[in-house]
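Q: Sequence first, then the predicted structure:
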Amino acid sequence: MEKYPVQFIGAGPGDPELITVKGAKALENADLIIYAGSLVPEPLLHWGGEDAEKLSSAGMHLEEIVQRMYEAWQSGKKVVRLHSGDPSLYGAIFEQMKALKEKNVSFEIIPGVSAAFAASASLKIEYTIPEICQTLILTRAEGRTPVPEKEDLRALAEHRAAMAVYLSSGLAEKVQDVLEDAYGPDAPVAVVYRASRPDELIIRTTASELAESMRDQEISNQALIIVGAALEELQVGTPSSRLYDQKFTHGYRKGSGSEH
């Protein structure tokens, strides 16, 4: 009997059209779809075939999820484990992959669009501005889930890089305190709630007013907190990328000037 690898698929940030073509095709061909019911919107399941069994993992524990995948895989079914965003980022797939390896179950991963990039699209920003910011930090504040000491939010914020803070909407006061100290109280901050979804909400505020702004809108989950130079009012003279500078020579074009 032919057996197919279990496929971990990134569903993207919520807009059903932001799943990859490869991910959508995998859903169309799946016999069993186990999806993160608390995070993956129902419209994404429309990519699945009518005959596919669709199970929400919201009320399931790890052993149940793995056992259902294993039984379906063992019987030659095509199994999809559908996660929100990209599975590699706060996707909790490590323990699932470990358990499948222990059962000698083959698997593969199809990446997805993370909320940080759906948020930047909605904000119409580029995180990495030439000569001003070339680093984007994706992180979270410590809450019920601890973070390594060297990755403490305050330590990371000291770099003053662009930063997208996940899973921290319920810790707005803590995040505000860190951002005020590192970026300054007047630093622009954006909160993007449910990026790319029909009820998406964008709040533009400052570091010192972050917690109050989120309370006013009653946002305590499913939002990204974003800070960095990209949110600032850029001035005339802000450096442009050299990639399209007519003076700049690279492997596909000879520049008109002396820069190379």
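A: Cool, the structure landed. Numbering: from 1, shown residues only.

Q: can you tell me the helix or strand for Ile109?
A: strand 107-110 (DSSP states H and E).

Q: Name the residues of that strand that are buried.
A: For strand 107-110, burial by neighbour count (16 or more other Cβ atoms under 10 Å) applies to Phe107, Ile109, Ile110. To be clear about C-beta, it is placed using only N, CA and C from the backbone, and glycine gets the same treatment.

Q: Redo those as TSV? Include pLDDT.
A: Converted to TSV, these look like this (pLDDT from 0 to 100):
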residue	pLDDT
Phe107	98
Ile109	98
Ile110	98
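
Q: tell me the domain boundaries of this structure?
A: Domain assignment for the chain, taken from automatic domain parsing, gives 6-110, 115-231.

Q: ok, Arg204 - contacts?
A: Contacts for Arg204 were tallied using Cβ atoms under 8 Å, 6 or more residues apart in numbering; they are Pro188, Val189, Ala190, Leu231.

Q: Can you add distance to Ser114 and give these back as TSV?
A: Converted to TSV, the contacts of Arg204 look like this (distance: Cβ to Cβ, whole Å):
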residue	distance to Ser114
Pro188	22
Val189	19
Ala190	16
Leu231	18
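
Q: Which members of those residues are classed as buried?
A: Going by neighbour count (16+ other Cβ under 10 Å), these have Pro188, Val189, Ala190, Leu231 buried.

Q: now the contacts of Arg204 in a markdown table, with pLDDT, secondary structure and distance to Glu200?
A: Listed next are these as a markdown table, based on pLDDT from 0 to 100; DSSP: H, G, I helix; E, B strand; the rest coil; distance: Cβ to Cβ, whole Å:
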| residue | pLDDT | secondary structure | distance to Glu200 |
| --- | --- | --- | --- |
| Pro188 | 96 | strand | 19 |
| Val189 | 97 | strand | 17 |
| Ala190 | 98 | strand | 12 |
| Leu231 | 93 | helix | 17 |
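
Q: Centre of the chain to the helix or strand harbouring Lys101, how far?
A: Assigned by DSSP H and E, Lys101 belongs to helix 94-102. Relative to its parent chain, helix 94-102 has a centroid offset of 22 Å by Cα atoms, centre = their mean, to the nearest Å.

Q: Just the buried residues of it, please?
A: Going by 16+ other Cβ under 10 Å, helix 94-102 has these buried residues: Gln96, Met97, Ala99, Leu100.

Q: what secondary structure does Glu180 sit in?
A: What DSSP: H, G, I helix; E, B strand; the rest coil gives for Glu180 is helix.

Q: for it, what are its contacts?
A: Ala187, Ala207, Ser208 are the contacts of Glu180 under Cβ under 8 Å, 6+ apart.

Q: Which of those residues sits closest to Glu42?
A: Ala207 (36.1 Å; Cβ to Cβ).

Q: most centrally placed residue in this structure?
A: Ser114 (2.7 Å; Cα atoms, centre = their mean).

Q: Touching, that one and Asp86? I think so.
A: Yes - with contact defined as Cβ atoms under 8 Å, Ser114 counts as touching Asp86 (4.5 Å).

Q: Now do the shared contacts for the two.
A: Contacts common to Ser114 and Asp86, judged by Cβ under 8 Å, 6+ apart, are Gly10.

Q: Test my guess that Gln217 contacts Ile202.
A: No - Gln217 is beyond contact range of Ile202, at 10.1 Å (criterion: Cβ under 8 Å).

Q: residues shared between the contacts of those two?
A: Val191, Tyr193.

Q: residues near Ala52, how many?
A: 18 (other Cβ atoms under 10 Å).

Q: give me every residue that touches it.
A: Leu27, Ala30, Asp31, Leu32, Ile33.

Q: The same query, at a cut-off of 6 Å, please.
A: Applying Cβ atoms under 6 Å, 6 or more residues apart in numbering, we find Ala52 in contact with Ala30, Asp31, Ile33.
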